[in-house]
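Peer 1: Make a model of this:
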Amino acid sequence: RDPSNDDLTMLENDIFQLSAFLTELSTCDYYFVTCKPSSIALASILTAIQLVDHNFHLECQFIQRLKNFKPDIHQPSNEVDECCIHLANQYTKKSSERQLHPISPASVDRA
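Peer 2: Here you go, the predicted structure:
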């Protein structure tokens, strides 16, 4: 068994979990109402990759695989870029709030 495969699987799982969280986070923010769902989905994945894999190797791999799957996709659109920025800002804001004021998982965040 190759330990690097285990590390990659853990990294992929972390990216999957974080991208799912970012997608859910977008539903709580009015900013995303006018954004295409596909832009939010792609931005959630790209943002999760950027937050988890700081050398951007996986992001390049993901975009290349996406282009192989759908060749007419070029670079992510401005809307995707803006969604990435907004999601990253929301995530860091929520993370710093949790560190300052830990809350119960059962409580409702009224921010």
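
Peer 1: for the chain, what spans make up the helices?
Peer 2: Here the chain has its helices, by DSSP state H, at 3-26, 37-52, 57-69, 78-100.

Peer 1: Mean neighbour count and mean pLDDT for the ones you listed - can I get that in CSV?
Peer 2: Using the backbone N, CA and C atoms, a C-beta is placed for each residue, glycine as well. Shown next, in CSV, are those (neighbours: other Cβ atoms under 10 Å; pLDDT from 0 to 100):
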stretch, mean neighbour count, mean pLDDT
helix 3-26, 14, 83
helix 37-52, 21, 92
helix 57-69, 13, 79
helix 78-100, 15, 83
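
Peer 1: Convert the C-alpha atoms of stretch 37-44 to PDB, please.
Peer 2: The C-alpha trace of stretch 37-44 is given here as PDB (Å, rounded to 0.1, in the frame of the first residue of the first chain):
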ATOM      1  CA  PRO A  37     -25.500  27.500  -9.500                       C
ATOM      2  CA  SER A  38     -22.700  26.100 -11.700                       C
ATOM      3  CA  SER A  39     -20.500  29.100 -10.900                       C
ATOM      4  CA  ILE A  40     -21.100  28.600  -7.200                       C
ATOM      5  CA  ALA A  41     -20.400  24.900  -7.400                       C
ATOM      6  CA  LEU A  42     -17.100  25.400  -9.300                       C
ATOM      7  CA  ALA A  43     -16.100  28.300  -7.000                       C
ATOM      8  CA  SER A  44     -16.800  26.100  -4.000                       C
END
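
Peer 1: residues in contact with it?
Peer 2: Under the criterion Cβ atoms under 8 Å, 6 or more residues apart in numbering, residues 19-20, 22-23, 26, 32, 76-77, 79-81, 83-84, 87 lie in contact with stretch 37-44.

Peer 1: Would you mind giving the residues you listed as TSV with distance to Gln50 added?
Peer 2: Formatted as TSV, the contacts of stretch 37-44 follow (distance: Cβ to Cβ, whole Å):
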residue	distance to Gln50
Ser19	11
Ala20	16
Leu22	11
Thr23	15
Ser26	16
Phe32	18
Pro76	12
Ser77	17
Glu79	17
Val80	12
Asp81	12
Cys83	12
Cys84	7
Leu87	10
